[in-house]
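A.B. asks: next input, structure requested:
(chains A and B)
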Amino acid sequence: MRKVCVVGTGMVKFGKYNDVALADIGWPAVRQAMDDAGMRPGAIEAFFCGTGLGGPMPGQRVLGRLGMTGIPIINVENACSSGSSALNLGCMAIASGRHDVVMIMGVEKLTKFNGGTIPLEKEDWEVSNGLVMPALYAMRARRYMHEFGLTREQLASVVVKSRRHAALNPDAQLQKETSVEEVLASRMIADPFTLYQCCPTGDGAAAIILCAEDVARRFSDKPIKVVASHVASGLFESGPRDMTSPEITVRCAREIFEEAGIGPEDIDVAEVHDAFTSAELMYYEAFGFCGRGEAAQLLESGATSLGGRIPINPSGGLLSKGHPVAATGAAQVVEIVRQLQGRCGKRQVQGAKVGLTHATGGGISGFDHGVCAIHIFSV
Amino acid sequence: MNLSETPPLVPGANPRLSAHYLQEAPFALVGQRCDDCGRTLFPKTGICPACRSVRLSDHALPQEGILYSWSVVHVAPKPWITPYVIGYVDLPGDVRVFAHIGGDPRSLRVDMPVRLEPAEIGVDAQGQPRLFFRFVPQVEVA
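C.D. replies: Presented below is the predicted three-dimensional model:
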């Protein structure tokens, strides 16, 4: 298998673009990535486009604007991991030797649903009987609070850290710093989560250009290696399951660390799927950045803040950047690649050489999560 | 597998198309138990995910269980009227049921005993209140 590199990244800041079509949210991200790689349109051999809720043929709609059609376009739906699943396919297309240069993207327009929680599949038993995503995460959080003594204030402090990072990120949707008191005083969404503890939704896009390592220097002075790319699906379970530990992420992390031949201690910076406050804490443990039940202490120690031992979500994460489903996973990769290239300005993690992205999605009965995609990158 | 052995599609296994998940007297949830491996399933699936058997029998579930966790939902799409409480209830026989939870939300505790009762939850296709079920904290016997 051939080694894969990232040579171009592009991103459209997440926000509420009611009057802009999905195709027009998407193409600026593609063009920015092309400019970043100094690449002409003809160089892209295939396109993998993730969308969770963008409807049919998002890839054709986006590339149509740029006249880049005719190449193989594969559209990918895998819930909140749609963008990162597209990346997994792109990596395989290069590694296998089928293509030398491909582009992947995640693109989403959620404002068309007029706000509220992310729409789920109505045919599903739990969804049709009143399940919403904030409540699913809230039930995990409550159980974790019961078993490990996590407090509401500790949950809220995840948002405080997120906004502190986001204040340094011009691409974050919410950039104003906040306090534990303000987080807890925001309106209740799904107890114990108040509004600030839930990621905002919105619209957005991110694009990444991949190529074979031996041609990477043609397009970038600082190509970033894809060390490993891994996707796992959830395990169907009709009986009890432990909701205080995200089994799918624990398993996917173990498998990718094994594949990469490294461990959590080797990661310098990570973007994890903090859709809700408790999720970020559980992922500290799932990745082995700390032991079971120790997540709140790790946060309070400052280890996961900028300047700490393992900065998590230097971009502000989903909690501050927002979560346009498929665009999220691709934007995490944009952040980590730029971190490793030393291009992140005030939020730069000094000396970062190895980074990780993690996007996981769910919302169907019988699965704790439906899908998990993890990628590891290095300079 | 011989194609003639392919089981027929089972529309009744889709709980949204079937009222067969409720038993009236005594009031109980009806799931399925696999005749081959004994796995209990709720809602019905029509095929056993543990052993792929399609030999499943209707099975009334115990009415009392333990509340694993819950949340008070304040934001939900139409036609749900907030706030409402949902949770997961673990029943004897290794089955977890997603359910609405009754009683004063402030009285709820993780791992507390709960019992099944009929309740109007949500609406049917015509927008009318739907007879469904919920779990409520078990009343202490004096």
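A.B. asks: show me what residue of the stretch 201-350 of chain A gets nearest to chain B.
C.D. replies: Chain B sits closest to A:Gly239 of the stretch 201-350 of chain A, with a gap of 4.2 Å, by Cβ to the nearest Cβ. C-beta: built from backbone N, CA, C; applies to glycine.
A.B. asks: touching, that residue and B:Asp94? I think so.
C.D. replies: Yes - using Cβ atoms under 8 Å, A:Gly239 is in contact with B:Asp94, at 4.2 Å.
A.B. asks: shared neighbours of these two, which are they?
C.D. replies: Counting by Cβ atoms under 8 Å, 6 or more residues apart in numbering or on different chains, the common neighbours of A:Gly239 and B:Asp94 are B:Thr40.
A.B. asks: which stretches of the stretch 201-350 of chain A form strands?
C.D. replies: Counting by DSSP state E, counting those that start in this stretch, the stretch 201-350 of chain A has these strands, from start to end: A:203-212, A:224-233, A:269-271.
A.B. asks: which other helices and strands contact the last one?
C.D. replies: So the one you mean is strand A:269-271. In terms of contacts (3 or more Cβ pairs under 8 Å, 6 or more residues apart in numbering or on different chains; DSSP states H and E), strand A:269-271 is packed against helix A:325-340, strand A:354-361.
A.B. asks: how far does the longest one sit from its chain's centre?
C.D. replies: Relative to its parent chain, helix A:325-340 has a centroid offset of 6 Å by Cα atoms, centre = their mean, to the nearest Å.
A.B. asks: hmm, back to that, closest one to A:Ser128 among the helices and strands packed on strand A:269-271?
C.D. replies: strand A:354-361 (18.9 Å; Cβ to Cβ).
A.B. asks: partners of the closest one, with directions?
C.D. replies: Here strand A:354-361 is paired, per DSSP bridges, with strand A:269-271 (parallel), strand A:371-378 (antiparallel).
A.B. asks: figure out which of the ones you listed is closest to A:Ala86.
C.D. replies: Of all the strands paired with strand A:354-361, strand A:371-378 sits nearest to A:Ala86, with 9.4 Å by Cβ to Cβ.
A.B. asks: number of residues surrounding the residue nearest to A:Arg241 when sequence neighbours are not counted?
C.D. replies: The shortest distance from A:Arg241 to any non-neighbouring residue, by Cβ to Cβ, 6 or more residues apart in numbering or on different chains, is to A:Asp368 (5.8 Å). Residues lying near A:Asp368 (other Cβ atoms under 10 Å in any protein chain shown) number 21.
A.B. asks: correct me if wrong: A:Asp368 contacts A:Ser245.
C.D. replies: No - using Cβ under 8 Å, A:Asp368 is not in contact with A:Ser245, being 9.2 Å away.
A.B. asks: A:Val127: which element?
C.D. replies: With elements taken from DSSP states H and E, the one containing A:Val127 is helix A:125-128.
A.B. asks: from the chain's centre, how far out does the helix or strand following that helix sit?
C.D. replies: Sequence order places helix A:133-148 as the next helix or strand after helix A:125-128, per DSSP H and E. Centroid separation between helix A:133-148 and its chain, computed with Cα atoms, centre = their mean, is 21 Å.
A.B. asks: which SSE is immediately downstream of helix A:133-148?
C.D. replies: helix A:152-166.
A.B. asks: does chain B sit close to that following helix?
C.D. replies: No - Helix A:152-166 does not reach chain B (Cβ under 8 Å from any Cβ of the partner chain); its nearest approach is 13.3 Å.
A.B. asks: helices or strands up against that helix?
C.D. replies: helix A:133-148, helix A:180-185, helix A:277-286, helix A:295-300, helix A:317-321.
A.B. asks: would you format the helices and strands packed on strand A:269-271 as CSV with mean neighbour count and mean pLDDT included?
C.D. replies: Shown next, in CSV, are the helices and strands packed on strand A:269-271 (neighbours: other Cβ atoms under 10 Å in any protein chain shown; pLDDT from 0 to 100):
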stretch, mean neighbour count, mean pLDDT
helix A:325-340, 29, 98
strand A:354-361, 28, 97
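A.B. asks: right, and those - which one's nearest A:Val379?
C.D. replies: When these are compared (using Cβ to Cβ), the closest one is helix A:325-340, at 5.2 Å.
A.B. asks: export the helix holding A:Val127 as PDB, just CAs?
C.D. replies: Taking C-alpha atoms only, helix A:125-128 is exported to PDB below (Å, rounded to 0.1, in the frame of the first residue of the first chain):
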ATOM      1  CA  TRP A 125     -38.300   2.900  16.900                       C
ATOM      2  CA  GLU A 126     -36.700   5.300  19.400                       C
ATOM      3  CA  VAL A 127     -36.800   8.300  17.200                       C
ATOM      4  CA  SER A 128     -40.400   7.800  16.300                       C
END
